[in-house]
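Participant: Got a predicted structure here, sequence first:
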Amino acid sequence: TLENGRLQPGRPARREGPPARRAGPAGPARLRAEGLSYTHGGTHRLLEPSSLELRAGAMTGLVGANGSGKTTVARLLSGFYAPPEGTVLFDGGAAGRAWLKENVRLVSARPLNQLPGQTVEENLRCSLASAGRRAPLSLGEGVELAGVGPLLGRRVSRLSYGELQKVLALSSVLRAPEALLLDEPLLSLDAAGLDSTLELLGRFMAGGKGVLMISHMEELVKDLCAGVYRMEGRAVRPAVL
């Protein structure tokens, strides 16, 4: 085990039991897709008509094999793609692409692409400024909760992948979107980073917001999510893990 720059004999200590979801019971549906599909180039069908929903105060899971269409779903829900069929609704009303781009935050598996500032602090302050009074946390609260205090002055280009994931999660929450779509957000986190990120997402969901977790880690999704969908035959289907 590598600890404080030294190799120590033995395995790292394991946490007892799965992490808690840190969210209350799921509330009403907020972000909802009905009959959503996507075709690339007019011929290649990437997503068959599908329906799913994100509920207030809860985390929803989306699992499936590589190339099954999970990221396509996220890009449709966040307004990056325009669906040829189907509708995305928010609180029962139609949500167009412009609204989705402004209010739904897609956290991709390439965190460096979503952190344009040079330093960690610069990126976090930019997120706070964009949220204004809607920000769910102050900078100090967010930094403490996410455990990124030692990283504030660091250039994002010098961070490890796990550090980038923690910073991007906090930056995204500070922007105060109406929903968060997380594409493999926990893949490179150690136990402490996982706990702090889940606490952060719990604070976000406590404000009545919904989270979609896209992941290959089915056991973790089962432990964390109030509802789970699975990609089957390029369509989204309810799943029981």
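Facilitator: That came in fine, so what should we check first? As the structure is a prediction and not an experimental result, all values here were calculated from the model.
Participant: By mean pLDDT, which helix or strand of this structure comes out lowest?
Facilitator: strand 2-3 (a mean of 80; mean pLDDT, DSSP states H and E).
Participant: Relative to the whole chain's centre, how far out is that one?
Facilitator: Taking the mean of its C-alpha atoms, strand 2-3 sits 28 Å from the chain's own mean (CA atoms, centre = their mean, to the nearest Å).
Participant: right, and the helix or strand after it?
Facilitator: The helix or strand immediately downstream of strand 2-3 is strand 6-7, counting by DSSP states H and E.
Participant: picking up where we left off before, which residues does the least confident helix or strand of the chain contact?
Facilitator: Strand 2-3 is contacted from outside by Q8, using CB atoms under 8 Å, 6 or more residues apart in numbering. The way it works is simple: take the backbone N, C-alpha and C, and place the C-beta from them, glycine included.
Participant: what residue lies at the spatial centre of this structure?
Facilitator: Geometric centre of the chain, nearest residue: L182, 2.1 Å, by CA atoms, centre = their mean.
Participant: any idea how far the residue nearest to Y161 when sequence neighbours are not counted is from P9?
Facilitator: Closest residue to Y161 apart from its sequence neighbours, by CB to CB, 6 or more residues apart in numbering: S188 at 4.5 Å. Remark: distance between S188 and P9 (CB to CB, to the nearest Å) = 24 Å.
Participant: S196 now?
Facilitator: Counting by CB to CB - S196 and P9 are separated by 27 Å.
Participant: Comparing these two, which residue is more hemmed in?
Facilitator: S196 (19 against 5; other CB atoms under 10 Å).
Participant: Which residues are in contact with the more buried one?
Facilitator: 145-147, 166.
Participant: neighbour-wise, which of those leads?
Facilitator: Top of these by neighbour count (other CB under 10 Å): K166, with 27 neighbours.
Participant: give me the element that one is part of.
Facilitator: Applying DSSP H and E, one finds K166 within helix 161-174.
Participant: Just checking: what are the partner strands of the helix or strand just after that helix?
Facilitator: Downstream of helix 161-174, the first helix or strand assigned by DSSP H and E is strand 179-183. Taking DSSP bridges as the criterion, strand 179-183 forms sheet pairs with strand 104-107 (parallel), strand 210-214 (parallel).
Participant: Kindly reformat the ones you listed as CSV containing distance to A74, mean neighbour count and mean pLDDT.
Facilitator: Converted to CSV, those look like this (distance: least, CB to CB, whole Å; neighbours: other CB atoms under 10 Å; pLDDT from 0 to 100):
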stretch, distance to A74, mean neighbour count, mean pLDDT
strand 104-107, 5, 23, 94
strand 210-214, 6, 26, 95
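Participant: Tabulate the ones you listed (TSV), appending distance to T119.
Facilitator: Converted to TSV, the strands paired with strand 179-183 look like this (distance: least, CB to CB, whole Å):
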stretch	distance to T119
strand 104-107	19
strand 210-214	27
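Participant: gap between the two ends of stretch 170-187?
Facilitator: 16 Å (CA to CA, to the nearest Å).
Participant: before we move on, back to that, ok, the residue nearest to Y161 to S172 distance?
Facilitator: 16 Å.
Participant: Over to L189?
Facilitator: In terms of CB to CB, L189 sits 15 Å off from S172.
Participant: Looking at those two now, which is surrounded by more residues?
Facilitator: Ranked by neighbour count (other CB under 10 Å), L189 and S172 place S172 first, with 23 against 19.
Participant: give the contact list for L168.
Facilitator: Contacts of L168 (CB under 8 Å, 6+ apart): 107, 111, 114-115.
Participant: From those residues, list the buried ones, please.
Facilitator: For these, a burial check counting by 16 or more other CB atoms under 10 Å picks out 107, 111, 114-115.
Participant: Appreciated, that's everything.
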